[in-house]
Every structure is written in structure tokens, then in C-alpha cells.
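Trainee: The sequence and its predicted three-dimensional model are supplied below.
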Amino acid sequence: MSCRINMVTLSFILLPVSLFASCLSGSDIQKNADVTLSLQGSYTKKKASIWNVEGKNAYTKNNINNSAGVKFSSGCSLIEERLNLDLSLYGLTYYPWRTLGKFEKDNHRSRMLLNQVKLTFIASDSIRLEAGKLRDKPGIFFLKSPSALLTNYYAGFKNDRLYTPAMKPVYTESFWGASIVHDTRDYGLAFTVAPRLTRIKKRYETSGNWSADQRSNSSERYLLSYTEYRLKKHMPSVNVMLGESRSIALADSFNYTPQWIINAEIALHSTQQWRHFSPQSAAVVQSYSFPSSLYTTEGKQGVELAIGGQYTTNNFSLFGMEYYFQSEGYSAREWRQQTNFVDYLNTKNQYAVLDQVFDAYKYLMGAEISNVANKGNLQGKHYINAYASLAFKGGSSLQPYIITNMMDYSSLIGMHYSKPFDYFDGKVEGYAGMFSAFGSRDAEFSLFGRTVGFYLGVEYHL
């Protein structure tokens, strides 16, 4: 952990000791504590992918994972009605039944993750200041929201993903920063600062193996957000991002009827938002020179667009459809250049040392491609997403979805069911689901192997 982040953490520890003592030693932490235990079992079956390492498939053909997670969250008042502390952390672990493939191994199968340490100073009824390790705000789109400019990398494991009954991954990285928020009945205004605390040094690793600071604070970001509440059927907003990358995003939610909502967002970027495969670097490798990286971010302007609609029934079931476009997504020719280079690296050579170098480049490429998704990005240009949330009696729900890349027609489909149980005073909730990634062997959603998976889990609030 860098010296700078130690200083950030130390600044919170060195707040007046009497304030922390009165809060942490009192009954507030215990009274407000929420401890959640998650247990999950999953089975995944993969077909052979285009990735071969040491002459073998880089992924296990089929495997079973046992996963567990513990979340602790609480809060207290340091100064009554003025200064509040909120904190939460996770413990995550998993155990695979079979030996993992080369592309599936994590540095560690257990992690302790700090999710939030937030100090909130309430200056007035409409103004508050927040500082600490903060959560980014998700957008309104299920697939990807162009207006969600302050995004961070996924902190979970390569081979396993622990879900919740709400079908959300248990842990998404938060960031160190500060915000000043001004909320009124007419509008909302916020300014957020996320400083750069470190740089990402190991691009050949997936984000789960980076430090927390590298996942969240590896670039300097300043976000100004404004939302208008005074319009009867519209809720427009504008977000402006400054720092190492500059962007502006416009969004609107239009309540056509009480049950129909139409959403639209557009974002303009001064540079590329994720690292792209470089054919020039690949050509250098083919001439038997070996660059340190095959991916780069260029200063090309880009645009993102998302349009969607949602319909809510009388019993609160939800149906939605979305279209997403990004100008910086790979074209069919650019995508083939990347997959053709993987085929080149798979070619057996006469020299064992050269085979090892080519395997190292394949590992690097797999990590770079995974990290695009780990920050919530897609790699094509055009996508269609359809989803639903069907509500049933007793609080159970069924959530089917399908996401399709309109360039290569690969798709990700799934279905998630959750149901609260009456055991232990209603503190237990169960969930189950299935997912499948299919398409051609070199398509986006099936690039790491056509996949079918099933999972079953419970969440218990202690």
C-alpha cells in the first residue's frame, strides 16, 4: 500500500480521539450493525476456447465452487445531527473442487475488503460534506449508463462471483475522495473529488489482483453533477468530468405515464475510456521484438448513447429494453485483428523459450480484455438488452435477461430467482440462477469459452 494512501487513512484515524471513543464504544455501533452471511455453490461448464497456454486450454472444462462472504456495516453519530460515521467491510472466500486453469487463478482465494468509511458533515438542511472511502453512484441503465462517469474496477475473483438475492455482485470497489452535496426540492448539485493515489503497474493482471487503490484511485477525477427536479414529467441531469480524462454527459428520464418511463443518456469523451488492442505492437512481436504491452489508450474523441424504456405493471413487475452504442467499440475488422493475433500466438514454435514468451503475451491479453469488463465497459459498438423483474406473492421474484452484441451476435442470457424464507424471523433469503454465454469461438461473450453455469445460495442477516 502506498505512502499516500497510508496518510489518507491516518487522517481519519487521527480525528479527535474523544469523538471516536464516544461513538465506537457506545451502543450506536452495536444498535446499527448489520452483519450478513452469504453462502453459495455454483457449477460452470465451459467449451474449449481460443486460448491455449502450454498447449492446454487456459480454462477448466467444468468446475464446482463453494463461496462464502461476510459483510459488516454500521454507523454512529460523532456529533449529534452534525457529524456521522458510516463504515462497511467484506470478507470473501471461495474453494474450487478442481484445479483451476492458467487464466482462472487468483493470487489469493480469500480477501478482506474495505467497502466504505464515510464521514458526513451536515452543514444545513440542504448541504452536506462527505469524505472518506465513498461509493460511486450507478446509472439508470441495467447494461451501461453513459452518464455514470465515476466508475471503478471490480474487486472480486476471476473464477467465482458471489451474488445477492437482488442479483448484484457482493462487492464493487469504492474510492477515496470527498463530495459536497447541495440538495433542494428544486434541484440537486454535487461536486466530487477522487484524487490519484497510485498508478496501475501490473496491466498483465486482472483487477482483482491489484491493490484497492489501483482499482479506485489510479487517475485524477473531478465530477460536477446537476439534476433538475422541477419539471413535471422529466428529470434531466448533466455530469461534467475533469481531470486526466474529460467528459460531459446528459441524461433524462421521461415519465410518459405513471407506468411507462423512457430513459436516454449521451456522453462525449475527450479520449478513449478503455485500453484498446494495438495492431502496431502486435506487428512488433511478429518481427520478434517484444514490447511490454499490446494495449493503449489513444486521445481519440468518442461518444456513448443509451436509450431504453421500462414498463411497470400493477403488481410491480418490471419489463425493460435498452439499446447501447459506443463509437470507440471495436469494429469487426479491429476485433478480428485481435483474435487473429491470438491464433498467431497459439502457433507452436521450434524454440521453447519463444513458446513461453507467446504464452506470457496471451496471459497479458486475457487480463487486458477482462479488465475492460471489470470496469463495466463493453467492447463492441451496438448492443440490445432486454430484461424483466417478475414479482410474486410472498416477496419472491424472477429476473430473466438477455444481452446481445449486434456485431457478432454473441449473447449473455440468464435467469435469477430469489425468495425470502420465514425461518429465523424472516432473516434468511434464498436465491438461485443460471447463465449462459454463447456465440462463435472468437466472439465477445464467448471469447473465453462458451459457458453454462448454475448457482444456488442463501443470505442470512445475523
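Mentor: The structure has been received and is ready for your questions.
Trainee: which secondary structure elements does the helix or strand harbouring Gly177 contact?
Mentor: Using DSSP states H and E, Gly177 maps to strand 175-183. Identification of packing neighbours for strand 175-183 by 3 or more Cβ pairs under 8 Å, 6 or more residues apart in numbering; DSSP states H and E yields strand 127-134, strand 187-194, helix 212-216. For the C-beta atoms, the positions are set from N, CA and C on the backbone; glycine is no exception.
Trainee: Highest mean neighbour count out of those?
Mentor: helix 212-216 (a mean of 23; mean count of other Cβ atoms under 10 Å).
Trainee: Pairing partners for the helix or strand following that one, with directions?
Mentor: Per DSSP H and E, the first helix or strand lying C-terminal to helix 212-216 is strand 221-228. With DSSP bridges as the test, strand 221-228 is paired with strand 187-194 (antiparallel), strand 237-243 (antiparallel).
Trainee: Tell me the secondary structure at Gly75.
Mentor: strand (DSSP: H, G, I helix; E, B strand; the rest coil).
Trainee: The closest residue to Val428 other than its chain neighbours and Ser389, how far apart?
Mentor: In this structure, Val428 finds its nearest non-sequential neighbour in Phe421, 4.6 Å apart by Cβ to Cβ, 6 or more residues apart in numbering. Separation of Phe421 from Ser389 (Cβ to Cβ, to the nearest Å): 20 Å.
Trainee: between those two, which one's more packed in?
Mentor: Ser389 (20 against 14; other Cβ atoms under 10 Å).
Trainee: can you confirm Glu104 is in a strand?
Mentor: No. Secondary structure of Glu104 (three-state DSSP): coil, not part of a strand.
Trainee: Which residue is the nearest non-sequential neighbour of it?
Mentor: Asn159 (4.3 Å).
Trainee: list the contacts for the one you found?
Mentor: 63, 65, 94, 96, 100, 104-106 (Cβ atoms under 8 Å, 6 or more residues apart in numbering).
Trainee: Local confidence estimate at it?
Mentor: At Asn159, the pLDDT value in this model is 85.
Trainee: what about it, which helix or strand?
Mentor: Counting by DSSP H and E, Asn159 is found in no helix or strand.
Trainee: Please report how far it lies from Leu412.
Mentor: With Cβ to Cβ as the criterion, Asn159 and Leu412 are 17 Å apart.
Trainee: quick one on the thing from earlier: nearest to Ser317, of the strands paired with strand 221-228?
Mentor: With Cβ to Cβ as the measure, strand 237-243 is the member of the strands paired with strand 221-228 nearest Ser317 (27.0 Å).
Trainee: list the buried ones in that closest one?
Mentor: 237, 239, 241 (16 or more other Cβ atoms under 10 Å).
Trainee: repeat for stretch 275-295
Mentor: 275-278, 281-282, 285, 294-295.
Trainee: Which residues in stretch 45-63 does the neighbour count mark as buried?
Mentor: For stretch 45-63, by 16+ other Cβ under 10 Å, it's 46, 49-53, 57-60, 63.
Trainee: Would you map the helices across the stretch 351-462 of the chain?
Mentor: 352-374 (DSSP state H, counting those that start in this stretch).
Trainee: can you give me the strands in it?
Mentor: Remark: strands assigned in the stretch 351-462 of the chain by DSSP state E, counting those that start in this stretch are 382-391, 397-405, 411-420, 428-438, 451-461.
Trainee: And Ala352, what's its pLDDT?
Mentor: 86.
Trainee: Report the contact partners of Glu322.
Mentor: 141-143, 306-308, 383-386.
Trainee: which residues of the stretch 1-150 of the chain score low on pLDDT?
Mentor: The stretch 1-150 of the chain contains residues with pLDDT under 70 at 1-27.
Trainee: any chance you could map the helices in it?
Mentor: 3-13, 17-24, 28-32.
Trainee: what residues does stretch 239-250 touch?
Mentor: Residues contacting stretch 239-250 (Cβ under 8 Å, 6+ apart): 146-147, 149-150, 196, 219-226, 236-238, 251, 265-271, 273, 304.
Trainee: Taking those, please make a ChimeraX selection of just the buried ones.
Mentor: A single ChimeraX command selects the buried members of the contacts of stretch 239-250 (16+ other Cβ under 10 Å):
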select :146,147,149,150,221,222,223,225,237,251,265,266,267,269,270,273,304
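Trainee: For the closest residue to Asn377 other than its chain neighbours, which three-state class applies?
Mentor: Leaving aside its sequence neighbours, Asn377 sits nearest to Trp274 (Cβ to Cβ, 6+ apart; 4.8 Å). Under three-state DSSP, Trp274 falls in the coil class.
Trainee: before we move on, back to that, any chance of the helices and strands packed on strand 175-183 in JSON lines, with distance to Phe435 too?
Mentor: Below are the helices and strands packed on strand 175-183 laid out as JSON lines (distance: least, Cβ to Cβ, whole Å):
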{"stretch": "strand 127-134", "distance to Phe435": "30"}
{"stretch": "strand 187-194", "distance to Phe435": "32"}
{"stretch": "helix 212-216", "distance to Phe435": "24"}
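Trainee: closest to Gly433 out of these?
Mentor: helix 212-216 (25.6 Å).
Trainee: Tell me the span between the first and last residue of stretch 387-405.
Mentor: Taking Cα to Cα, to the nearest Å, stretch 387-405 runs 15 Å from one end to the other.
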